[in-house]
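Trainee: sequence and predicted structure, then a few things I'm wondering about:
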Amino acid sequence: MTAEQQKIVQYLGEAQASERALTRVLQSQIAMTPRGTYRTALDTHLKETQNHADRVGRRLKELRGGGNPVTAVVGFAESVVGQALALGKTPLDLARGTSGEEKVLKNAKDAAATEALEIATYTAIERLAGSLGDRTTAQLAASIRADEEKMLDRILREIPKLTAAVIGAEIDDEPTYDLTETG
């Protein structure tokens, strides 16, 4: 494997680990989000995220060919660390905020930051692969980046509604749902 391919494999491995970790985070957020447009967005994005991890994994296999054992071990380690971080974050998600509405809003703000990070990651992969003549990887990254941009836009459209729910629950004393009945 050339140095160029190794760099692309490294970036793809990082992206795949991130997608796998995000799967766990999304599952925990879905469990605490009431039914409605935001939960629908999370459900859709969970499926997309699983698909992104699979697509990146297939591309990694193609690039690795017979496979470099060191690269495979590093990719596995990144995945394990990402999953551990996601699982460790889940209890924190449950404990934050004073109302269910506030927990969901805080999770949405985290999700917006995560989407921005993913957009930056896939922008870098697209640029790297394109610069090195790997059109297949560049197109894959561009496709996934477009999904991440759509999700970020969707989250940003939901934040005013989620903020209004916090105001209703915590200022006006009119909660819209009970967190214990969600999921």
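Mentor: Nice, thanks for sending it over. Quantities reported herein were computed from a predicted structural model and do not represent experimental measurements.

Trainee: host element of the closest residue to Arg135 other than its chain neighbours?
Mentor: Counting by CB to CB, 6 or more residues apart in numbering, the nearest residue to Arg135 once its immediate chain neighbours are dropped is Ala129, at 7.5 Å. Where C-beta positions appear, they are placed from N, C-alpha and C, glycine not excepted. Here Ala129 sits within helix 100-131, counting by DSSP states H and E.

Trainee: for that helix, packing partners?
Mentor: In terms of contacts (3 or more CB pairs under 8 Å, 6 or more residues apart in numbering; DSSP states H and E), helix 100-131 is packed against helix 3-32, helix 37-64, helix 69-95, helix 135-166.

Trainee: in the longest one, what counts as buried?
Mentor: Spelled out, it's helix 135-166. Using 16 or more other CB atoms under 10 Å as the test for burial, helix 135-166 gives 137-138, 140-141, 144-145, 147-149, 151-152, 154-155, 158, 162, 165-166.

Trainee: lowest-scoring secondary structure element of the protein by mean pLDDT?
Mentor: Ranked by mean pLDDT, DSSP states H and E, the weakest helix or strand in the chain is helix 69-95, scoring a mean of 50.

Trainee: mean confidence for the helix holding Ala129?
Mentor: In this model, helix 100-131 carries a mean pLDDT of 96.

Trainee: next, count neighbours for Thr40.
Mentor: 13 (other CB atoms under 10 Å).

Trainee: the one 4 residues further on now?
Mentor: When counting by other CB under 10 Å, one arrives at 14 neighbours for Thr44.

Trainee: so for this protein, the centremost residue is which one?
Mentor: Geometric centre of the chain, nearest residue: Leu22, 4.1 Å, by CA atoms, centre = their mean.

Trainee: what pLDDT does it get?
Mentor: Reading off the model, Leu22 has pLDDT 96.

Trainee: my read is that it contacts Thr49, right?
Mentor: Yes - with contact defined as CB atoms under 8 Å, Leu22 counts as touching Thr49 (5.2 Å).

Trainee: ok, Gln5 - contacts?
Mentor: Counting by CB atoms under 8 Å, 6 or more residues apart in numbering, Gln5 touches Leu63, Asp134.

Trainee: swap in 6 Å and give it another go.
Mentor: Leu63 (CB atoms under 6 Å, 6 or more residues apart in numbering).
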